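Participant: return atomic coordinates for the entry below.
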Amino acid sequence: MAKKRKQFCEYGPLCYEIALFKECKKKDLKDFFGGKRFAKKKDKENYKYIWKGDCKILLRKLLGVDMELQKGKAVNLKLAGEKIDGVVINPGEEFSLWNLVGRPTAKKGYKEGLFISNSKTGKGIGGGLCQMGNLIHWLVLHTPLETTEIHHHSDALFPDEKRRVPFGTGVSICYKALDYRFKNTTPYPVQIRVWQDDTMLYGEIRSNTPLDKKYKIVEEDSHYAKDDEGIFYRNSKVFREIYDKSSKELIDRELILSNHSKVMYDYEYIPKDQIRE
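Facilitator: Numbers count the residues shown, from 1 in each chain. Predicted coordinates for the structure are as follows:
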């Protein structure tokens, strides 16, 4: 078998920096010529109505992951949260996580955290910021706001211990190539608030106009199954249901995700009652 050729960025730190600079500029030019308008203004006075609020556990125990990386992640989320908290997305504007946060570096105070690349876990400066993307995307799914850029992890990397949201609804981010973005397609300005304490990361999407609809995310047909080579996959379908708040009538139901993800952890951790032949 022929040896896989190295990419330019793999020839050392300098080559990596050159490759990263090139990719960032390519994306910036694409945004400029695409006429993108990104949200920058902030307001720390809470908008009146909470469209959606939620929270995530900061120090979650993950199979084979050093808890020190989780503590580093908490620091990273605090620094990133300070850049995001209070941002106002006006009608027609887009929220871009990386445009607000910037590049996470040690000089800015970022620590080593869990890093996922090519379906493998590792550690890196600024690791763990995917959790910020996860939280904001979960909030957006419960509003009429429109996701404009999202990247998912393709594999099932950890067991489902204490999972509170449907599988696959998380996001993958990597400065600056993989961003998380959404557009305000409503006539009303919306505001994001994010903060944390010692145990939880909190977030809200707010507006001065109330929502007249309610959004619900449901996962169905969740199971594990083996292929012909004996490899397990995590399967499910995720739907978004939209209800009229006054009548509570279901007015729309859409498939937003169809999961078929390779299980990357020890099969002993797969719940036996969820295995399907």
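Participant: then the lengthiest helix in the chain to PDB, C-alphas only?
Facilitator: The residue-count maximum for a helix in the chain (DSSP state H) belongs to helix 13-33. Below are the C-alpha coordinates for helix 13-33, written out as PDB (Å, rounded to 0.1, in the frame of the first residue of the first chain):
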ATOM      1  CA  PRO A  13       4.400  24.500  13.200                       C
ATOM      2  CA  LEU A  14       5.400  27.200  10.700                       C
ATOM      3  CA  CYS A  15       3.700  25.300   7.900                       C
ATOM      4  CA  TYR A  16       0.600  24.800  10.000                       C
ATOM      5  CA  GLU A  17       0.400  28.600  10.700                       C
ATOM      6  CA  ILE A  18       0.800  29.400   7.000                       C
ATOM      7  CA  ALA A  19      -1.900  26.900   6.100                       C
ATOM      8  CA  LEU A  20      -4.200  28.300   8.800                       C
ATOM      9  CA  PHE A  21      -3.600  31.900   7.700                       C
ATOM     10  CA  LYS A  22      -4.500  30.900   4.100                       C
ATOM     11  CA  GLU A  23      -7.700  29.100   5.100                       C
ATOM     12  CA  CYS A  24      -8.800  32.100   7.300                       C
ATOM     13  CA  LYS A  25      -8.300  34.600   4.500                       C
ATOM     14  CA  LYS A  26     -10.100  32.400   2.000                       C
ATOM     15  CA  LYS A  27     -13.100  32.300   4.300                       C
ATOM     16  CA  ASP A  28     -12.900  36.100   5.000                       C
ATOM     17  CA  LEU A  29     -12.900  36.800   1.300                       C
ATOM     18  CA  LYS A  30     -15.800  34.500   0.700                       C
ATOM     19  CA  ASP A  31     -17.800  36.300   3.400                       C
ATOM     20  CA  PHE A  32     -16.900  39.700   2.100                       C
ATOM     21  CA  PHE A  33     -17.900  39.000  -1.500                       C
END
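Participant: how far does it sit from its chain's centre?
Facilitator: 22 Å (C-alpha atoms, centre = their mean, to the nearest Å).
Participant: how about stretch 68-79?
Facilitator: Worked out by C-alpha atoms, centre = their mean, stretch 68-79 lies 16 Å from the chain centre.
Participant: straight-line length of stretch 50-69, end to end?
Facilitator: 32 Å (C-alpha to C-alpha, to the nearest Å).
Participant: three-state assignment of residue 193?
Facilitator: Three-state call for residue 193 (DSSP: H, G, I helix; E, B strand; the rest coil): strand.
Participant: what does the pLDDT read for it?
Facilitator: Residue 193 carries a pLDDT score of 98 in this model.
Participant: give the contact list for residue 47.
Facilitator: 189-191, 206-208 (C-beta atoms under 8 Å, 6 or more residues apart in numbering). Every residue, glycine included, has its C-beta placed from N, CA and C.
Participant: ok, residue 239 next?
Facilitator: Counted by C-beta under 8 Å, 6+ apart, residue 239 has contacts 217-220, 253-256.
Participant: buried ones only from those residues, please, as a ChimeraX command.
Facilitator: Only the buried entries of the contacts of residue 239 go into this ChimeraX selection, using 16 or more other C-beta atoms under 10 Å:
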select :217,219
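Participant: from the contacts of residue 239, which is closest to residue 20?
Facilitator: Taking C-beta to C-beta as the measure, residue 20 sits nearest to residue 256 out of the contacts of residue 239, at 31.2 Å.
Participant: any regions of the stretch 151-277 of the chain where pLDDT drops low?
Facilitator: Where the stretch 151-277 of the chain drops to pLDDT under 70, the residues are 160-163.
Participant: which residues touch residue 127?
Facilitator: Residue 127 touches 69, 72-73, 76, 112-115, counting by C-beta under 8 Å, 6+ apart.
Participant: could you export these as a markdown table, including secondary structure, distance to residue 24 and pLDDT?
Facilitator: Putting the contacts of residue 127 into a markdown table (DSSP: H, G, I helix; E, B strand; the rest coil; distance: C-beta to C-beta, whole Å; pLDDT from 0 to 100) gives the following:
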| residue | secondary structure | distance to residue 24 | pLDDT |
| --- | --- | --- | --- |
| 69 | helix | 26 | 84 |
| 72 | helix | 24 | 93 |
| 73 | helix | 23 | 94 |
| 76 | helix | 19 | 97 |
| 112 | strand | 22 | 92 |
| 113 | strand | 21 | 89 |
| 114 | strand | 23 | 81 |
| 115 | strand | 18 | 77 |
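Participant: export these to CSV and tack on distance to residue 239 and neighbour count?
Facilitator: Listed next are the contacts of residue 127 as CSV, based on distance: C-beta to C-beta, whole Å; neighbours: other C-beta atoms under 10 Å:
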residue, distance to residue 239, neighbour count
69, 34, 20
72, 35, 22
73, 30, 27
76, 32, 26
112, 37, 21
113, 32, 26
114, 29, 22
115, 31, 19
